[in-house]
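> Have a look; sequence and predicted model below, questions after that.
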Amino acid sequence: NAGVMQNPRHLVRRRGQEARLRCSPMKGHSHVYWYRQLPEEGLKFMVYLQKENIIDESGMPKERFSAEFPKEGPSILRIQQVVRGDSAAYFCASSSWTGTEAFFGQGTRLTVV
Amino acid sequence: GDSVTQMEGPVTLSEEAFLTINCTYTATGYPSLFWYVQYPGEGLQLLLKATKADDKGSNKGFEATYRKETTSFHLEKGSVQVSDSAVYFCALSAEANAGNMLTFGGGTRLMVKP
C-alpha cells in the first residue's frame, strides 16, 4: 500500500508563473490536508478537502491560492503569480474518514526565483 | 485559537544522553496530541500519539504523557542515538475537528553527536 505521493518533489518557478502541486492520498483515504512549512518554521494548516468538497480553507491566503480534490485524480494545490514569499515546503496529508491519524507525503519544495 | 509551544532548538546531546523536549498547548476541550519527526529532506512521520488525559504514547524508545493539568506533552527518551538526529514537532488535533487538521509547534532540532 503506497503512502501519500506528492509530485514534483522540487519545483522552481520564476516570479509571476503558476505552480501546481499534486497529492495522491493513501489508498482508501478520502480526506486530504495541505500544510505549508516556511524555512525554519513549523507547519501551518492551509486547507482540508474531501472528494469534490472544500471542508475548511481557513489557512489559505485569500488571493492566488486555490485547491481542489476532484472525484478522479489527485488533489491539486495551485498558486498563481508566485512571489518569492511563496518559497516553502508544501506537505500533503491524508486520513480515512474514521481515522485519528494523518499520514504525510514527502512534500514539494517550491523555490521562486 | 489553538496553539502549541515547544522549546526552541537546536538541542545538542551526546549519544546515550537523556532527552527531554518540552511541549505545552492551548486548546478548548480535549484535543488529541502528537509528536512527529522529520528527517532531513523528508516528510513528517508520526512518532507517537495520545488521545486522552493521562495516556502515554510510546514508540522506538520515545515516550510522552498527556498531562491535562499542566497542558503538556513532553517528549522523552532515555538514551538517544545518532540516528535520532532530526526535527521533532509537537501537534494537536482539536476535539471539535471534523477531520484531522493539526496545529503544530515550531519544531525542535535535535543533534546527537557520537
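Received the coordinates, thanks. Since the structure is predicted, the reported quantities are computational estimates derived from the model, not experimental observations.
> Only C-alpha atoms from now on, for both contacts and neighbour counts.
Fine.
> Could you pull up the residues touching the closest residue to residue B:23 other than its chain neighbours?
With sequence-adjacent residues excluded and distances taken as CA to CA, 6 or more residues apart in numbering or on different chains, residue B:23 is closest to residue B:6, at 4.3 Å. For residue B:6, the contact set (CA atoms under 8 Å, 6 or more residues apart in numbering or on different chains) comprises B:21, B:22, B:23, B:24, B:90, B:105, B:106, B:107, B:108.
> hang on, the last one packs against residue B:89?
Looking back up the chat, that one is residue B:108. Yes - between residue B:108 and residue B:89 there is a contact under CA atoms under 8 Å: 6.6 Å.
> Get me the contact residues on chain A for chain B.
Counting by CA under 8 Å from any CA of the partner chain, the residues of chain A close to chain B are A:31, A:33, A:41-45, A:48, A:91, A:95, A:97, A:100-107.
> Out of the residues you listed, which sit inside strands?
With strands taken from DSSP state E, the overlap with these comprises A:31, A:33, A:43, A:44, A:45, A:48, A:91, A:95, A:103, A:104.
> residue contacts, the closest residue in space to the first one that isn't next to it in sequence?
Counting by CA to CA, 6+ apart, residue A:50 is the residue found nearest to residue A:31 once chain neighbours are left out, at 4.8 Å. By CA under 8 Å, 6+ apart, residue A:50 lies in contact with A:30, A:31, A:32, A:69.
> List only those of those residues flagged as buried.
Listed as buried from the contacts of residue A:50 are A:31, A:32, A:69; burial here means 16 or more other CA atoms under 10 Å in any protein chain shown.
> Could you tell me which residues make contact with the nearest residue to residue B:40 once chain neighbours are set aside?
Nearest-residue entry for residue B:40: residue B:86, 6.7 Å, with adjacent residues in sequence omitted and distances by CA to CA, 6+ apart. By CA under 8 Å, 6+ apart, residue B:86 lies in contact with B:37, B:38, B:39, B:40, B:109, B:110, B:111.
> partners of the least confident helix or strand in chain A by mean pLDDT in the sheet?
Least confident helix or strand, chain A: strand A:103-104 with a mean of 90, by mean pLDDT, DSSP states H and E. Using DSSP bridges, strand A:103-104 pairs in its sheet with strand A:88-95 (antiparallel).
> neighbours around residue 91, how many?
Unless you meant another one, I'm taking chain A. For residue A:91, the number of neighbouring residues by other CA atoms under 10 Å in any protein chain shown comes to 26.
> try chain B instead
Counted with other CA under 10 Å, the neighbours of residue B:91 add up to 30.
> ok so, going back, will you turn the contacts of residue B:6 into CSV that also has secondary structure, neighbour count and pLDDT?
Formatted as CSV, the contacts of residue B:6 follow (DSSP: H, G, I helix; E, B strand; the rest coil; neighbours: other CA atoms under 10 Å in any protein chain shown; pLDDT from 0 to 100):
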residue, secondary structure, neighbour count, pLDDT
B:21, strand, 22, 97
B:22, coil, 17, 97
B:23, strand, 22, 97
B:24, strand, 20, 97
B:90, strand, 31, 96
B:105, coil, 25, 94
B:106, coil, 23, 91
B:107, coil, 29, 92
B:108, strand, 24, 95
